[in-house]
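Colleague: Build me a structure from this.
(one chain, ligands or ions: 4)
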Amino acid sequence: MLCFYSPRNALFCFLLFFFGTAQGGSFAKLGVNYGTLGDDLPSAARSIGFLQSLRAGAVKIYDANPAILRALAGTRLRVSIMVPNQVFPSLAANRSLADAWLAANLLPFYPQARIRFLLVGNEVLSDYSVKSSWPSLVPAMANLHRALRARSIRDVKVGTTLAMDSLKTSFPPSAGEFRDDIAGTVIRPLLRFANRTRSFYFVDVYPYFAWASSPSTVSLDYALFRGNSATNYLDPGTHLTYTNLLDQMLDSVVAAMAKLGFGGVRLAIAETGWPNAGDLDQIGANIYNAATYNRNLARRLSKRPALGTPARPGAVMPVFVFALYNENQKPGPGTERHWGLLYPNATRVYEVDLTGRRPDASYGPLPAPENNEPYKGKIWCVFGGGKKGANATEVGAAIAYACGQGKGTCDAIQPGGPCYRPASPTAHASYAFNSYWQQFRRSGGTCYFNGLAVQTAQDPSHGSCKYPSN
Ligand SMILES: *[C@@H]1O[C@H](CO)[C@@H](O)[C@H](O)[C@H]1NC(C)=O
Ligand SMILES: *[C@@H]1O[C@H](CO)[C@@H](O)[C@H](O)[C@H]1NC(C)=O
Ligand SMILES: *[C@@H]1O[C@H](CO)[C@@H](O)[C@H](O)[C@H]1NC(C)=O
Ligand SMILES: CC(=O)N[C@H]1CO[C@H](CO)[C@@H](O)[C@@H]1O
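Modeller: Ligands and ions are numbered 1, 2, ... in the order given. You can find the predicted model right below:
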């Protein structure tokens, strides 16, 4: 009940509630993130058809792809587009460039496509390699906002997406606080902008990652919205009771915003979801959990009056699930390529009604989850994974990369070494990938190599050639 703690905020909260209720209908259906990092995905036109048959209410894309925006023209789907990370700094420096960006990317499709959000950059404040561009973020947003107004466009809100690592503290939720390196310099101006323009704080929030990084202390049921009085969490600071991890994470953002004096800025969930598969050493990434998370999420969001969160009861939030497809070209651990509601062949990974109205009992049975406990056996990383069109040049480059990292990574596959034979590129790749991964997995090294590598529980050692393992 943060809203009513201070009389100064009460009016704003009332307006927020009223405004939220008035807009409630339009946010009721879940939106879907339509990412395109796959080499095997259906066309834009077919994809929009799939979004409609999934009964999505909105779609978010990661750029302003003309083919997708053309396919969205005339549909009921609300649309969120993005200014890429490489582009926004120039828009901060020059107002006419911001207007030119709109003219080239938004105007040809507006208002035929119902573009409602213009997101400037994707998780920019998590990428320290572009730190020098951080101060440009809000000025770029402001220039785009001005350019929209100058063209009398009033129904497109400008924002930016931020990951949960913009917080330095998120537990207990009432202790939520932004990182010192961004709080005053970027976040405060961002919140001021969001408040002034009645926009949102767009957060990418993944209970999956929070649970998976400490499954022994966080309950899986709490992460999947099916906790009970034993898994509820009582925040000692506010005495609010949390029934699920998503609310807890959202309210840590609310607390952090309040500490900067902007406790009233509305939240939108730009990404959330649960992976339907992952690597052997990744816990809880399976169809059963993914279906449970997304069905329960949809059901919660369909409730009227809106549930909001404990700190913001009744608040209505736009929410976008990640993602439409499993995307086979996303780098990183296996989960990254398995967030889809659909396989690339357009088959549903599991049934989910995004309007949240379908009763649980009407869904068919799900495959039982088999990896809800940490994998205890040994794991190796070998050549495999069935990447289409892999060629000798690519494999050679991957071996060279793996062997170039660490100490003595590839000694065993030098001529005369115990793993030199068989002297085939794939056998050498297996040794090199595994040797690299065993050295670097603790520090974030992944068993991926552009799709050339895969984890296995089968020891690839042979004769005197021993593959290291965990
Ligand atoms: C802004 O960009 C426009 C268009 O490229 C250019 O003509 C103008 O000189 C730029 N202004 C500044 C101040 O850089
Ligand atoms: C679609 O792809 C999935 C995953 O690869 C597979 O299990 C399924 O059988 C495929 N469906 C069709 C109709 O090809
Ligand atoms: C090998 O694969 C790489 C990466 O997919 C590609 O860029 C390259 O053109 C291919 N080379 C040949 C000879 O096919
Ligand atoms: C916390 C804060 O800055 N709230 C302001 C948000 O904007 C409204 C006007 O739209 C102000 O009344 C609030 O004070």
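Colleague: Quick check: M82 is in a strand.
Modeller: Yes: assessed by DSSP: H, G, I helix; E, B strand; the rest coil, M82 belongs to a strand.
Colleague: my read: it touches L119, true?
Modeller: Yes: counting by Cβ atoms under 8 Å, M82 does reach L119; the two are 4.6 Å apart. (Glycine included, C-beta is placed from N, CA and C.)
Colleague: what touches both of the two?
Modeller: Residues touching both M82 and L119 by Cβ atoms under 8 Å, 6 or more residues apart in numbering: K60.
Colleague: Could you report the pLDDT at F14?
Modeller: You'll see F14 listed with a pLDDT of 38.
Colleague: And the residue of the stretch 251-400 of the chain closest to ligand 1?
Modeller: A270 (29.5 Å; Cβ to the nearest ligand atom).
Colleague: Next: the chain.
Modeller: Here the chain gets closest to ligand 1 at one residue, N94, 3.7 Å apart by Cβ to the nearest ligand atom.
Colleague: Chain neighbours aside, what residue packs nearest to that residue?
Modeller: Nearest residue to N94, sequence neighbours excluded (Cβ to Cβ, 6 or more residues apart in numbering): N143, at 7.7 Å.
Colleague: who's in contact with the one you found?
Modeller: N143 touches 91-92, 94-95, 97-98, counting by Cβ under 8 Å, 6+ apart.
Colleague: go again using 10 Å as the cut-off
Modeller: When contacts are counted by Cβ atoms under 10 Å, 6 or more residues apart in numbering, N143 touches 88, 91-99, 101-102, 120, 136, 158.
Colleague: So what's the residue count around the one residue in the stretch 101-250 of the chain that gets nearest to ligand 4?
Modeller: Residue nearest to ligand 4 within the stretch 101-250 of the chain (Cβ to the nearest ligand atom): N195, separated by 3.8 Å. Burial measure for N195: 17 neighbouring residues, criterion other Cβ atoms under 10 Å.
Colleague: likewise C381?
Modeller: C381 has 30 nearby residues by other Cβ under 10 Å.
Colleague: Nearest the middle, which residue of the chain would you pick?
Modeller: Here the mean C-alpha position of the chain is nearest to the C-alpha of E271 (Cα atoms, centre = their mean), at a distance of 4.5 Å.
Colleague: That residue belongs to a strand, doesn't it?
Modeller: Yes: if the criterion is three-state DSSP, then E271 is within a strand.
Colleague: Verify the contact between it and M82 for me.
Modeller: No: contact criterion Cβ atoms under 10 Å: E271 and M82 do not qualify, at 11.9 Å.
Colleague: what touches both of these two?
Modeller: Common neighbours of E271 and M82 (Cβ under 10 Å, 6+ apart) are 60, 122, 161.
Colleague: quick one: the residue of the chain most remote from its centre from T426, how far?
Modeller: Ranked by distance from the centre of the chain (Cα atoms, centre = their mean), the top residue is G416, with 46.9 Å. Distance of G416 to T426, computed by Cβ to Cβ, to the nearest Å: 20 Å.
Colleague: Take the shared contacts of E271 and M82 and lay them out in CSV including distance to ligand 3, secondary structure and pLDDT.
Modeller: Shown next, in CSV, are these (distance: Cβ to the nearest ligand atom, whole Å; DSSP: H, G, I helix; E, B strand; the rest coil; pLDDT from 0 to 100):
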residue, distance to ligand 3, secondary structure, pLDDT
K60, 29, strand, 98
N122, 25, strand, 98
T161, 30, strand, 98
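Colleague: C403: which of those is nearest?
Modeller: N122 (33.1 Å; Cβ to Cβ).
Colleague: neighbours around the nearest residue to the closest one once chain neighbours are set aside, how many?
Modeller: Spatial nearest neighbour of N122, chain neighbours left out: T161 (5.5 Å); criterion: Cβ to Cβ, 6+ apart. For T161, the count of nearby residues is 26 (other Cβ under 10 Å).
Colleague: Same question for the one 10 residues further on.
Modeller: Residues lying near F171 (other Cβ under 10 Å) number 14.
Colleague: ok, back up a step: please identify the helix or strand for the residue nearest to N94.
Modeller: Following DSSP states H and E, one finds N143 within helix 137-150.
Colleague: Pull out the buried residues from that helix.
Modeller: Across helix 137-150, burial judged by 16 or more other Cβ atoms under 10 Å covers 137-145, 147-148.
Colleague: quick one: it near ligand 1?
Modeller: No: legend: contact between helix 137-150 and ligand 1 by Cβ under 6 Å from any ligand atom is lacking; minimum distance shown is 10.7 Å.
Colleague: Return the distance of that helix from the chain's centre.
Modeller: Distance of helix 137-150 from the chain centroid (Cα atoms, centre = their mean, to the nearest Å) equals 25 Å.
Colleague: Next: stretch 361-379.
Modeller: Worked out by Cα atoms, centre = their mean, stretch 361-379 lies 22 Å from the chain centre.
Colleague: One more: stretch 96-110?
Modeller: Worked out by Cα atoms, centre = their mean, stretch 96-110 lies 26 Å from the chain centre.
Colleague: next one: stretch 343-357
Modeller: Worked out by Cα atoms, centre = their mean, stretch 343-357 lies 18 Å from the chain centre.
Colleague: quick one on the thing from earlier: what pairs with the residue nearest to N122 across the strands?
Modeller: Counting by DSSP bridges, T161 is bridged to N122, F202.
Colleague: Next up, the contacts around it.
Modeller: 60, 62, 80, 82, 117, 119-126, 201-204, 268-271, 320.
Colleague: Next to ligand 4 in this structure, residues from the stretch 151-300 of the chain, please.
Modeller: For the stretch 151-300 of the chain, the contact set with ligand 4 under Cβ under 6 Å from any ligand atom comprises 195, 261-262, 264.
Colleague: Please flag which of those residues sit within helices.
Modeller: Applying DSSP state H to those, the entries found in helices are N195.
Colleague: Now a PyMOL select for only the buried ones of the residues of the stretch 151-300 of the chain next to ligand 4.
Modeller: Per 16+ other Cβ under 10 Å, the buried members of these correspond to this PyMOL selection:
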select buried, resi 195+262+264
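Colleague: hey, where'd the helices end up in the stretch 201-350 of the chain?
Modeller: For the stretch 201-350 of the chain, the helices defined by DSSP state H, counting those that start in this stretch occupy 207-213, 220-223, 245-259, 287-302.
Colleague: about what we covered before: tell me, what's the model's pLDDT at the residue farthest from the centre of the chain?
Modeller: 95.
Colleague: likewise the one 4 residues further on?
Modeller: According to the model's per-residue confidence, Y420 sits at a pLDDT of 97.
Colleague: mind listing what it touches?
Modeller: 412-414, 427-428, 431, 465.
Colleague: Secondary structure of it: a strand, I assume?
Modeller: No: looking at Y420 with three-state DSSP, it is coil, so not inside a strand.
Colleague: For beta bridges, what are the partners of the residue lying closest to Y206 once chain neighbours are set aside?
Modeller: For Y206, ignoring the flanking residues on the chain, the nearest one in space by Cβ to Cβ, 6+ apart is T272 at 6.2 Å. Per DSSP bridges, residues listed as beta-bridge partners of T272: V321.
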